[in-house]
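**Q** got a predicted model here, sequence first, then my questions.
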Amino acid sequence: QVHLVESGGGLVQAGGSLTLSCAVSERIPTINTMGWYRQLPGNERELVAVITSGGTISYGDSVKGRFTISRDNAKMTVTLQMNSLEPEDTGVYYCNLRPWGQSQYWGQGTQVTVSS
């Protein structure tokens, strides 16, 4: 059973930065997509950023230019650097893994709170 272990959430003032990390507990297919989604209060889960094992990246419109996603294929980790955080970024952030040809996996979620 694959588990995704998230770390790095917390409380930060507007304009500040946080870094989220996610590690995969088991060996996974080489071809995969990893990334982050978030659920803001009262909203459905939405894309933050994803990165394929080949390095192709997609960002949600609201985070472009502020967030940066990266991954380490050898360590099976994905990192989200979040800069210029806004109160509107407050929510639960979920790590996601989609191995090619398999069902996707979700982390347990980590809370990000941005105070004004």
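**A** Structure received.
**Q** please count neighbours and contacts with C-alpha atoms only from this point.
**A** OK.
**Q** around Trp100, how many other residues sit close by?
**A** Burial of Trp100 is recorded as 13 neighbouring residues (other Cα atoms under 10 Å).
**Q** err, Ser7, not the other one
**A** 16.
**Q** kindly report the same for the one 4 residues further on.
**A** Using other Cα under 10 Å, Leu11 has 15 other residues around it.
**Q** wait, a strand at it?
**A** Yes. Per DSSP: H, G, I helix; E, B strand; the rest coil, Leu11 lies within a strand segment.
**Q** now do the contacts for it.
**A** Val112, Thr113, Val114, Ser115 (Cα atoms under 8 Å, 6 or more residues apart in numbering).
**Q** other SSEs contacting the helix or strand the third one falls within?
**A** Assigned by DSSP states H and E, Val114 falls within strand 110-115. Applying 3 or more Cα pairs under 8 Å, 6 or more residues apart in numbering; DSSP states H and E, we find strand 110-115 packed against strand 10-13, strand 91-99.
**Q** okay, angle between whichever helix or strand comes after the first one and strand 110-115 too, please.
**A** Looking back up the chat, that one is strand 10-13. Following strand 10-13 in sequence order, the next helix or strand is strand 18-24 (DSSP H and E). For strand 18-24 against strand 110-115, the angle between stretch directions is 180 degrees (axes from the mean of the first three to the mean of the last three Cα atoms, to 10 degrees).
**Q** kindly export strand 18-24 (C-alpha atoms) in CSV.
**A** Presented in CSV, the C-alpha positions along strand 18-24 are these (Å, rounded to 0.1, in the frame of the first residue of the first chain):
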residue,chain,number,x,y,z
LEU,A,18,5.9,28.1,3.1
THR,A,19,7.3,25.0,1.7
LEU,A,20,5.3,21.8,1.5
SER,A,21,7.0,18.4,1.0
CYS,A,22,5.5,15.0,0.1
ALA,A,23,7.4,11.7,0.2
VAL,A,24,6.2,8.4,-1.2
